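what follows is a predicted protein model with its sequence.
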Amino acid sequence: MSTPDRMLSILDLFRDDTTAAFQEDVMAHLECSRATAYRYLKSLTESGLLAPTAGGAYVLGSRIIELDRHLRQHDPLMRAARGVMRATGDELHANLMLCSYYGDKVMCVDRYWTDDSIESSYARGRPYTMFHGATAKPILANLPPYQLRNLMLWHSAEIREAGLGEDWDEFRANLKRLRNAGVYVSHGEIDPGLIGIGSAIFSPEQKVVGSLVFIAAEARTSAERLEILRARIQVAAAEVSLNLQAPQSNGAAAIGIMPSRPRRLKAPAGTAPARQRK
């Protein structure tokens with residue numbers, strides 16, 4: 001791992017159960033000396049990605065907020081989907097999620113919520129597994145074989161647990177069926193009582209870059225309503241894919257999205273979890 005990669009991997013210490021990281025956490029995470037940990041933390045602080053606080057702790061810095069604003073304004077996928085989500089959600093009075101992925105995680109990057117009575121744990125920015133739900137499986141089913149082989153190698157237990165296959169041949173066959181269907185419907189795979197109806201979004205190069213998903217309450221979704229949502233999510237996802245090929249509003253050519261490759265996040269032996277700031 002290169003020096004920049006090692007330094008940036010410090011950001012992996014910040015999870016839902018972590019409010020701050022300490023120099024000792026960095027030393028354990030990277031198996032490095034105190035001087036090296038200090039140097040990396042200093043660089044990340046000067047860039048605004050981290051900020052020091054009381055007790056020798058470090059929290060995420062203000063630069064993260066600035067980058068998030070830029071992402072909301074200029075991310076090609078979000079811009080391509082925003083109008084489609086608004087029009088489709090208003091017409092059908094339906095809740096929609098836009099999801100992307102990085103490494104072996106899928107993440108909600110935007111939501112359009114018309115029905116506040118439906119609550120989902122799938123908040124924007126919260127990463128989830130690639131093997132459960134209508135947010136993830138349309139993406140998973142359209143990954144190229146070499147990425148799927150890596151996922152099978154690194155996450156075989158999770159794949160078996162999700163019912164996606166006991167071995168490579170079964171895994172590949174199940175994903176082919178999902179891919180050919182074009183839409184995946186999940187029942188309570190992420191949140192009990194909720195249905196997800198998802199379809200994949202593709203770059204101009206026809207590489208999967210995300211998914212568009214309806215989120216509905218199962219108790220209030222009739223078979224007829226479900227069929228309507230199944231058909232419309234494919235249309236909406238295709239519109240987003242088409243928008244990704246269109247020129248940007250400033251007259252520039254369409255910005256291509258390069259899909260992320262799965263990566264294996266393996267904590268070094270003896271790594272201690274980052275402590276929470278009291």
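It's in.

strands paired with whichever strand or helix holds Arg111, and their directions?
Secondary structure from DSSP states H and E places Arg111 in strand 105-112. Here strand 105-112 is paired, per DSSP bridges, with strand 95-102 (antiparallel), strand 127-129 (antiparallel).

just give me how far the last one sits from the chain centre.
When C-alpha coordinates are averaged (Cα atoms, centre = their mean, to the nearest Å), strand 127-129 and its chain have centres 6 Å apart.

counting neighbours, what do you get for Asp75?
Neighbour count of Asp75, defined by other Cβ atoms under 10 Å: 18. Quick note: C-beta positions are derived from backbone N, CA and C, even for glycine.

what's near enough to touch Val185?
134, 195-198, 226, 230 (Cβ atoms under 8 Å, 6 or more residues apart in numbering).

can you list those residues in JSON lines and add neighbour count?
Shown next, in JSON lines, are the contacts of Val185 (neighbours: other Cβ atoms under 10 Å):
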{"residue": "Ala134", "neighbour count": "27"}
{"residue": "Ile195", "neighbour count": "23"}
{"residue": "Gly196", "neighbour count": "28"}
{"residue": "Ile197", "neighbour count": "26"}
{"residue": "Gly198", "neighbour count": "28"}
{"residue": "Leu226", "neighbour count": "16"}
{"residue": "Arg230", "neighbour count": "18"}
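
give me the pLDDT for the residue nearest the centre of the chain.
Computing the C-alpha centroid of the chain and ranking residues by Cα atoms, centre = their mean puts Met107 first, at 2.0 Å. With respect to pLDDT, Met107 scores 93.

if we can go back for a sec, so for Val183, which of the strands paired with strand 105-112 sits nearest?
strand 95-102 (13.9 Å; Cβ to Cβ).

what sits up against that closest one?
By Cβ under 8 Å, 6+ apart, strand 95-102 touches 77-78, 81, 85, 88-89, 106-115, 118, 120, 122, 130, 135-136, 139, 198, 209-216, 236, 240, 259-260.

next, the buried residues of it.
In terms of neighbour count (16 or more other Cβ atoms under 10 Å), strand 95-102 has its buried residues at 95-101.
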